[in-house]
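# Requesting a structural model of the entry that follows:
(one chain, ligands or ions: 3)
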Amino acid sequence: MTDLRQQALDYHSSPTPGKISVQLTTAAETSEDLSLAYSPGVAEPCREIAENPDDVYKYTAKGNTVAVISNGTAVLGLGNLGPMASKPVMEGKALLFKRFANIDSFDIEVKHKTVEEFVNTVANIADSFGGINLEDIKAPECFAIEKALIERCRIPVFHDDQHGTAIVTAAGLMNALDIQGKDINQSNIVCLGAGAAAIACMELLIKCGAQREKIYMLDSKGIVHTRRDDLNDYKKLFANNTDKRTLDDAIKGADVFVGVSGPNLLKQEQVKLMADNPVIFACSNPDPEIKPELALAARDDLIMATGRSDYPNQVNNVLCFPFIFRGALDVRARTINDEMKVAAVHAIRTLAKEPVPEEVLIASGEKELSFGKDYIIPKPMDSRLCGAVAKAVAKAAVDSGVAALDLPANYME
Ligand SMILES: NC(=O)C1=CN([C@@H]2O[C@H](COP(=O)(O)OP(=O)(O)OC[C@H]3O[C@@H](n4cnc5c(N)ncnc54)[C@H](OP(=O)(O)O)[C@@H]3O)[C@@H](O)[C@H]2O)C=CC1
Ligand SMILES: CC(=O)C(=O)O
Ligand SMILES: [Mg+2]
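Ligands and ions are numbered 1, 2, ... in the order given. Okay, the predicted model is just below:
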């Protein structure tokens, strides 16, 4: 553990502080270059864009740039660490955008007092970018923030912790339930956490066939039920008319546990109470709701996933956000709608059933990977993800009428 801590600190501090930098895409060596890049030449694209605003996509980097924006109120599962302490995560998201989908990003950490102040700050700079990826903003403010920004911005605004997480969770869970021989619409689902990720995950699972009344959601005070008078409007949608009050009550006979709450909250004794052949997604980062070695020691008929890269079955929004934005940017979608999200779910889950290329085995340090209990979802390093997910998303955007451009030729094959 100490080793990982020091390695991680060294990784972030050298060879230069941080994980990203800006690179030039054009020549800037000679006076002639500078007279094109800057004064006087730069005036020409300025005039064109003033005349025809859409030309900003032709003459600037806007169309391939996403802003990763946070206020640091729910940094992974570490809590409200504030904007500056969220910066390594936001630079990390920028790294992932570039590495996996060749999208340039700027991370922006916003200090604010009110939701309105945050929304105004982001809305006022939004036109500089092709899309906005909101990150690590706690519930319930995240819901109002995303809604207001979607209304005010002409580019896709996507709260990754809600929808990226939900898409990957749905893809992984449907595959896991298939392997366990269970049907999502008959499954009893326990969701530990009732925040950004939890609400969005459960809403998308319902769109994929789960039954709302078979979902038991818990927050820090226990089961979300109809007799509580402290629920916000988002939790109320999951309030069960039940006498169950605790995780112990809910977990008995459950087919699925989805943890999007905090570290070490699920005990081995509780794992033992689940139905035969259960599925546990302990997605809290960096420390899951239960360590895989503890859950698997409690019983051997389960499928286990975490949000981490160092265990099998990484259920993490990295499998979604680079690719959903790739698809959205490539057809200049004005929003990311449900059709695009569902298309991403199916593209991700389908890829897990394909043979795994050698390069992915090498990058994962595995000898063999094939669809099954320890491989329910593709690895982030699988370069086929970009093509498969972005294409499905772009096609869904075009088909659902939110794209300004036709499907690019390379998506037609
Ligand atoms: N693997 C992945 O891809 C992702 C994982 N996550 C993880 O999900 C977690 C939540 O993130 P997010 O939804 O953005 O954060 P939010 O702050 O929006 O939500 C946190 C939720 O966890 C609940 N919670 C906290 N402590 C407990 C507890 N002891 N028992 C039950 N519930 C508890 C809170 O309850 P209350 O409402 O009462 O405050 C709240 O509902 C984090 O650990 C994060 O790392 C998030 C996104 C992606
Ligand atoms: C993965 C991620 O976005 C989170 O844990 O917040
Ligand atoms: Mg996050």
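
# Now do the residue of the stretch 201-350 of the chain at minimum distance from ligand 1 against A197, distance only.
Proximity to ligand 1, evaluated over the stretch 201-350 of the chain using CB to the nearest ligand atom, is greatest for G307 at 2.8 Å. Any C-beta I mention is one placed from the backbone N, CA and C, and that applies to glycine too. Distance of G307 to A197, computed by CB to CB, to the nearest Å: 10 Å.

# between the two, which one's more packed in?
A197 (31 against 27; other CB atoms under 10 Å).

# if I've got this straight, the more buried one is in a strand?
No - counting by DSSP: H, G, I helix; E, B strand; the rest coil, A197 is not part of a strand but helix.

# check contacts around the closest residue to R152 other than its chain neighbours.
The shortest distance from R152 to any non-neighbouring residue, by CB to CB, 6 or more residues apart in numbering, is to A123 (4.3 Å). By CB atoms under 8 Å, 6 or more residues apart in numbering, the residues touching A123 are A148, L149, R152, C153.

# same deal with N71?
Contacts of N71 (CB under 8 Å, 6+ apart): P83, S86, E109, V110, K111, H112, F118, I137.

# Can you say which of the residues you listed are buried?
Restricting these to buried positions leaves P83, S86, E109, V110, H112, F118, I137, with burial counted as 16 or more other CB atoms under 10 Å.

# Can you lay out the residues you listed as CSV showing pLDDT, secondary structure and distance to V398?
CSV is the format used below for the buried ones among the contacts of N71 (pLDDT from 0 to 100; DSSP: H, G, I helix; E, B strand; the rest coil; distance: CB to CB, whole Å):
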residue, pLDDT, secondary structure, distance to V398
P83, 98, helix, 37
S86, 98, helix, 35
E109, 98, strand, 34
V110, 98, coil, 33
H112, 98, coil, 36
F118, 98, helix, 32
I137, 98, coil, 30
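
# Can you list phi and psi of S105 for me?
phi -140, psi 150 (degrees, to the nearest 10).

# so how far is S35 from it?
30 Å.

# With neighbour numbers in mind, choose between those two.
Just comparing S105 and S35: by other CB under 10 Å the higher neighbour count belongs to S105, 27 against 12.

# Thought E91 was touching that one, still the case?
No - S105 lies out of contact with E91 (CB atoms under 8 Å); the separation is 9.1 Å.

# which neighbours do these two share?
What both S105 and E91 touch, as defined by CB under 8 Å, 6+ apart, is the set I20.

# Taking the stretch 151-300 of the chain, what residue is nearest to ligand 2?
For the stretch 151-300 of the chain, CB to the nearest ligand atom, closest residue to ligand 2: N285, 3.6 Å.

# List the single closest residue to the closest residue to ligand 1 within the chain in space, sequence neighbours excluded.
Closest approach between the chain and ligand 1, counting by CB to the nearest ligand atom: G195, at 1.9 Å. Using CB to CB, 6+ apart and skipping the chain neighbours, the partner closest in space to G195 is A139 (3.7 Å).

# could you point out where the stretch 301-413 of the chain is predicted with low confidence?
Along the stretch 301-413 of the chain, no part satisfies pLDDT under 70.

# List the beta-bridge partners for the closest residue to L218 other than its chain neighbours.
Spatial nearest neighbour of L218, excluding adjacent residues (CB to CB, 6+ apart): L192 at 5.2 Å. Taking DSSP bridges as the rule, L192 bridges to L218, G259.

# quick one, what contacts L192?
A198, L218, L247, F257, V258, G259, V260, S261, L265, L266, E289 are the contacts of L192 under CB under 8 Å, 6+ apart.

# Give me the neighbour count for Q23.
Neighbours of Q23 using other CB under 10 Å come to 7.

# Give me the three-state assignment for it.
Applying three-state DSSP: Q23 is coil.

# And it, how far from T16?
Distance, Q23 to T16, using CB to CB: 13 Å.

# try G372
For G372, the distance to T16 equals 42 Å [CB to CB].

# how deep is whichever residue of the stretch 251-400 of the chain sits closest to ligand 3 tucked in, by neighbour count?
Going by CB to the ion, ligand 3 is nearest to N317 of the stretch 251-400 of the chain, at 6.7 Å. Neighbour count for N317, taken as other CB under 10 Å: 26.

# Quick one: the strands in the stretch 201-350 of the chain, in order.
Using DSSP state E, counting those that start in this stretch, the strands of the stretch 201-350 of the chain run over residues 215-219, 222-223, 256-259, 279-282, 303-306.

# avg pLDDT for the first one?
Mean per-residue pLDDT for strand 215-219: 98.

# who in the stretch 151-300 of the chain is up against ligand 3?
D161 (CB under 5 Å from the ion).

# In the stretch 151-300 of the chain, which residue sits closest to ligand 3?
For the stretch 151-300 of the chain, CB to the ion, closest residue to ligand 3: D161, 4.3 Å.

# my read: that residue touches D136, true?
Yes - if you go by CB under 8 Å, D161 and D136 touch, sitting 6.3 Å apart.

# what is in contact with these two at once?
A74.

# Now do the residue lying closest to D183 once chain neighbours are set aside: how many residues are near it, please.
The spatial neighbour of D183 that comes closest, neighbours along the chain excluded (CB to CB, 6+ apart), is L177 at 7.0 Å. For L177, the neighbour count with other CB under 10 Å is 22.

# Quick check: which element contains L177?
helix 165-180 (DSSP states H and E).

# can you check Y11 too?
With DSSP H and E as the criterion, Y11 is inside helix 2-13.
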